[in-house]
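Trainee: no FASTA, just this:
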């Protein structure tokens, strides 16, 4: 503090005191994990319901596990939005028709299942803390897990790919078209 | 997101509100909670010059049993209906419907009368009001007028309220015996409004359906009674075959809405499926 008060310093000395140091890790960090989505599809309506959602992530040494859990929760919920709800739609005249939250669906608490989380702790060798990134772990794992679960459920209908967001009507149309013997037929 | 200029008048009594409405006519809108009107004003879809607020009139908010009817004041909030012991005992369809409506903030401030008078095609109340064979009491300088629920909803955002009339009360006939009731809904994932909402009110005796009233909202520009489903149920045992044959008529004779979430074809399917599920839920409750 004293270093910042100019009047206490000799006349020829500028106030302030700072130091900068750079640390270059030997490599990037590579967090990893496994996400599993178990979904039910209502055959009459195409609506998708989560039976379970399980995620095990490894972000190395956790300094504050509660914050890590919060990051994972947030990422998974963001993924559920991407996989199932969020869509920017323009009409044929170029007008944005999902421009308000009355039209653009974000996931809300009631749409989210209980998230079963666990973690392993493999310290990173490339920094003194042994820490790895966790900010995007949830959203990287969850989006493909959810879509893969839906595609797996629709496998008897020959589905190998489905576009996000997966809307119930699209799923219903696939089911209505009937099972396919040859699974090469795509949706 | 800022409304056009308007004057605000807090009416102290229903009579004062009626005379204010007679004075300002089409320039005025009645404010009854404001959870539909104010958003519409902020988007400038509506630009009334005068708002006549019923919010200070305490004797428009009540739930009571009288004259073989349940009477609900127009300014009763959704939440008051949701938690009403009288209604949970005598007409559980209304508290159940209230619980599906909007979110906590909307239920705390929005009113049943305001919602009905607004007549949003995806609102929840119209389905329940139709299924309960309710009467709407409209007050004006000429006195009260009784409107049957089936005559009340005219078009999208249009009711049979005349200029100068204010919706004052909703009357529900008391159920004869134990009614099988349920409201089920497909919520729009963004707005929470009904993509499809089905209210059923059945009486079942000796395993057979004695009477059936089914109100459906969200499916067409106005809520309607699924009369073909009702007549297919009446007098019959509600087995799976009867139900699925009857419910195939859930969207008969109406213009089916189509939007980004659900095409007309899919909405019709939802109406069929959820009508059957509403009936199954209702009948399971009285077993």
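Mentor: Everything's here; your move. Bear in mind that the values here come from a model prediction, so they are computed numbers and not experimental data.

Trainee: secondary structure class for residue 98?
Mentor: Since no chain was named, I'll use chain A. coil (DSSP: H, G, I helix; E, B strand; the rest coil).

Trainee: ah, I was thinking of chain B
Mentor: When classified by three-state DSSP, residue B:98 comes out as helix.

Trainee: who's in contact with stretch B:177-188?
Mentor: With contacts defined as C-beta atoms under 8 Å, 6 or more residues apart in numbering or on different chains, stretch B:177-188 is touched by A:45, A:47, A:105, B:91-93, B:96-97, B:100, B:122, B:124, B:127-128, B:131, B:193-205, B:218, B:261, B:270, B:274, B:277-279, B:281-283, B:285-286. C-betas here are computed from N, CA, C, even on glycine.

Trainee: for stretch A:5-12, that is, sorry about that
Mentor: The set of residues external to stretch A:5-12 that reach it, using C-beta under 8 Å, 6+ apart, is A:2, A:3, A:14, A:15.

Trainee: what do you get for stretch B:135-146?
Mentor: Stretch B:135-146 has contacts (C-beta under 8 Å, 6+ apart) with B:14, B:18-19, B:22, B:116, B:129, B:147-149, B:152, B:161-162, B:164-171.

Trainee: The same query, at a cut-off of 6 Å, please.
Mentor: Residues from elsewhere that reach stretch B:135-146 (C-beta atoms under 6 Å, 6 or more residues apart in numbering or on different chains): B:18, B:22, B:147, B:152, B:161, B:164, B:165, B:166, B:167, B:168, B:169, B:171.

Trainee: got the contact list for residue 48?
Mentor: All of this refers to chain A. Contacts of residue A:48 (C-beta under 6 Å, 6+ apart): A:39, A:41.

Trainee: you looked at the wrong chain, it should be chain B
Mentor: Contacts for residue B:48 (C-beta under 6 Å, 6+ apart) come out as B:6, B:29.

Trainee: Where does it sit: helix, strand or coil?
Mentor: Under the three-state scheme (three-state DSSP), residue B:48 adopts coil.

Trainee: can you tell me which of the contacts of stretch B:177-188 are in helices?
Mentor: In helices, defined here by DSSP state H, the members of the contacts of stretch B:177-188 are B:93, B:96-97, B:127-128, B:131, B:270, B:274, B:277-279, B:281-283, B:285-286.

Trainee: filter those residues to the buried ones?
Mentor: Listed as buried from these are B:93, B:96-97, B:127-128, B:131, B:270, B:274, B:277-279, B:281-283; burial here means 16 or more other C-beta atoms under 10 Å in any protein chain shown.

Trainee: Closest one to chain A out of these, please.
Mentor: residue B:270 (6.0 Å; C-beta to the nearest C-beta).

Trainee: Near the residue lying closest to the closest one once chain neighbours are set aside, how many other residues are there?
Mentor: Of all residues not flanking residue B:270 in the chain, residue B:196 sits nearest, at 4.4 Å (C-beta to C-beta, 6 or more residues apart in numbering or on different chains). Neighbour count of residue B:196, defined by other C-beta atoms under 10 Å in any protein chain shown: 31.

Trainee: Check residue A:94 too.
Mentor: If you count neighbours by other C-beta under 10 Å, residue A:94 ends up with 6.

Trainee: Close to chain A: what parts of chain B are there?
Mentor: By C-beta under 6 Å from any C-beta of the partner chain, the part of chain B that sits against chain A consists of B:189, B:190, B:191, B:260, B:262, B:266, B:273.

Trainee: Name the secondary structure element that contains the closest residue to chain A within the stretch 1-150 of chain B.
Mentor: Of all residues in the stretch 1-150 of chain B, residue B:39 sits closest to chain A, at 8.4 Å by C-beta to the nearest C-beta. Using DSSP states H and E, residue B:39 sits within helix B:37-42.

Trainee: Could you list the residues in contact with that helix?
Mentor: Against helix B:37-42 from outside (C-beta under 6 Å, 6+ apart): B:1, B:3, B:46.

Trainee: Can you flag the buried ones in these?
Mentor: Among the contacts of helix B:37-42, the ones that count as buried by 16+ other C-beta under 10 Å are B:3, B:46.

Trainee: Throw the contacts of helix B:37-42 into TSV and include pLDDT, thanks.
Mentor: Shown next, in TSV, are those (pLDDT from 0 to 100):
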residue	pLDDT
B:1	81
B:3	94
B:46	92
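
Trainee: follow-up on the earlier one: I'd like the average pLDDT over the helix holding residue B:39.
Mentor: When pLDDT is averaged along helix B:37-42, the result is 93.

Trainee: Just the buried residues of it, please?
Mentor: Residues B:37, B:40, B:41 are the ones in helix B:37-42 that count as buried (16+ other C-beta under 10 Å).

Trainee: next one: stretch B:141-159
Mentor: So for stretch B:141-159, counting by 16+ other C-beta under 10 Å, buried means B:147, B:149, B:150, B:152, B:153, B:157, B:159.

Trainee: now stretch B:223-242
Mentor: Neighbour counts over stretch B:223-242 (16+ other C-beta under 10 Å) mark B:223, B:224, B:225, B:226, B:228, B:229, B:230, B:232, B:233, B:236, B:238 as buried.

Trainee: again with stretch B:67-78
Mentor: Buried residues in stretch B:67-78 (16+ other C-beta under 10 Å): B:69, B:70, B:71, B:72, B:73, B:74, B:75, B:76, B:77, B:78.

Trainee: Please flag which of the residues you listed sit within helices.
Mentor: Per DSSP H, the buried residues of stretch B:67-78 map to helices at residue B:78.

Trainee: export the buried residues of stretch B:67-78 to a markdown table and tack on pLDDT and distance to residue B:254?
Mentor: Listed next are the buried residues of stretch B:67-78 as a markdown table, based on pLDDT from 0 to 100; distance: C-beta to C-beta, whole Å:
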| residue | pLDDT | distance to residue B:254 |
| --- | --- | --- |
| B:69 | 95 | 29 |
| B:70 | 96 | 28 |
| B:71 | 97 | 30 |
| B:72 | 98 | 27 |
| B:73 | 98 | 31 |
| B:74 | 98 | 27 |
| B:75 | 98 | 31 |
| B:76 | 98 | 29 |
| B:77 | 98 | 30 |
| B:78 | 98 | 26 |
